[in-house]
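Trainee: prediction below, plus the sequence it came from.
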Amino acid sequence: MPEGDIHEMQEQAEEARRDPGLKPVSLTMAVMAVLLATVTLLGHRTHIEQVIAQTKASDQWSYYQAKGVRRHNYEAFAELLSALTSKDQAREEQAKEKFLKQAERYRDDQKEIEAEARKLEHEVITAGRRANRFNLGEVFLEIALVVTSITLLSGNRGYWVMGMVFAALGVVVAATGLLVR
């Protein structure tokens, strides 16, 4: 929250001290500010989780590609041995079999690596969805604070009620971020 907004809220709180009827509004704003800080923190942490998961997924795909390059090399070696003429046919077949076995091992490794990379990609998407919910909840809570502060300026309690509606909406939307899996 910008420093100017905090200063303005402090001034409004001073005004509320002089008018006892506005004390509940000030208390509501304090609760909204705490909720806003909590939802903002959840949003930031979820964005960090998303970035970490994206990095891990990228690393996993790089690992997958490295295994693919190694597999292709062994397949090429086996193919090359087939094209060469050798005096020792048994040794040539043994080497070719060894290269093909290695290539198959890398193919199997790639399947496991790909599954892990896809799992990590799913985590990236899920974290993004959760972060979006927290961000939207944050927006509603910020609107709630602003609308509620109008009560302190105008004395019209309709703004207080409207602010509480926005705050409730913000809390509900943010809470749905905890349910996203």
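Mentor: Received the coordinates, thanks.
Trainee: chain center to whichever helix in the chain runs longest: distance?
Mentor: In the chain, assigned by DSSP state H, the helix with the most residues is helix 89-154. In terms of CA atoms, centre = their mean, to the nearest Å, the gap separating the centre of helix 89-154 from the centre of its chain is 9 Å.
Trainee: model confidence over it, on average?
Mentor: For helix 89-154, mean pLDDT rounds to 93.
Trainee: now for that helix, which elements pack on it?
Mentor: Helices and strands touching helix 89-154, by 3 or more CB pairs under 8 Å, 6 or more residues apart in numbering; DSSP states H and E, are helix 3-18, helix 23-83, helix 157-179. (Each C-beta comes from the backbone N, C-alpha and C, glycine too.)
Trainee: just send those helices back as a markdown table, with mean neighbour count and distance to R105 too.
Mentor: Formatted as a markdown table, those follow (neighbours: other CB atoms under 10 Å; distance: least, CB to CB, whole Å):
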| stretch | mean neighbour count | distance to R105 |
| --- | --- | --- |
| helix 3-18 | 13 | 60 |
| helix 23-83 | 16 | 8 |
| helix 157-179 | 17 | 42 |
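Trainee: which of those has the lowest mean pLDDT?
Mentor: Across those, helix 3-18 gives the lowest mean pLDDT, at a mean of 66.
Trainee: sorry, back to before: and the helices and strands packed on helix 89-154 as TSV, adding distance to E114?
Mentor: Listed next are the helices and strands packed on helix 89-154 as TSV, based on distance: least, CB to CB, whole Å:
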stretch	distance to E114
helix 3-18	48
helix 23-83	6
helix 157-179	29
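Trainee: so which of those comes closest to K96?
Mentor: helix 23-83 (4.6 Å; CB to CB).
Trainee: so how far is that closest one off the chain centroid?
Mentor: 7 Å.
Trainee: same check, this time on stretch 83-98
Mentor: That offset, for stretch 83-98, works out to 53 Å (CA atoms, centre = their mean).
Trainee: now that stretch: buried residues?
Mentor: K96 (16 or more other CB atoms under 10 Å).
Trainee: export that stretch to PDB, keeping only CA atoms.
Mentor: What follows is stretch 83-98 as a C-alpha-only set of coordinates in PDB (Å, rounded to 0.1, in the frame of the first residue of the first chain):
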ATOM      1  CA  ALA A  83      28.000 -49.900 -41.900                       C
ATOM      2  CA  LEU A  84      31.600 -50.700 -41.200                       C
ATOM      3  CA  THR A  85      33.200 -54.000 -42.200                       C
ATOM      4  CA  SER A  86      35.100 -55.700 -39.400                       C
ATOM      5  CA  LYS A  87      37.400 -58.600 -39.200                       C
ATOM      6  CA  ASP A  88      35.900 -59.600 -35.900                       C
ATOM      7  CA  GLN A  89      32.100 -60.000 -36.500                       C
ATOM      8  CA  ALA A  90      31.400 -61.200 -32.900                       C
ATOM      9  CA  ARG A  91      33.100 -58.200 -31.400                       C
ATOM     10  CA  GLU A  92      31.200 -55.900 -33.700                       C
ATOM     11  CA  GLU A  93      27.900 -57.500 -32.800                       C
ATOM     12  CA  GLN A  94      28.800 -57.200 -29.100                       C
ATOM     13  CA  ALA A  95      29.600 -53.500 -29.400                       C
ATOM     14  CA  LYS A  96      26.500 -52.900 -31.400                       C
ATOM     15  CA  GLU A  97      24.400 -54.700 -28.800                       C
ATOM     16  CA  LYS A  98      26.000 -52.600 -26.100                       C
END
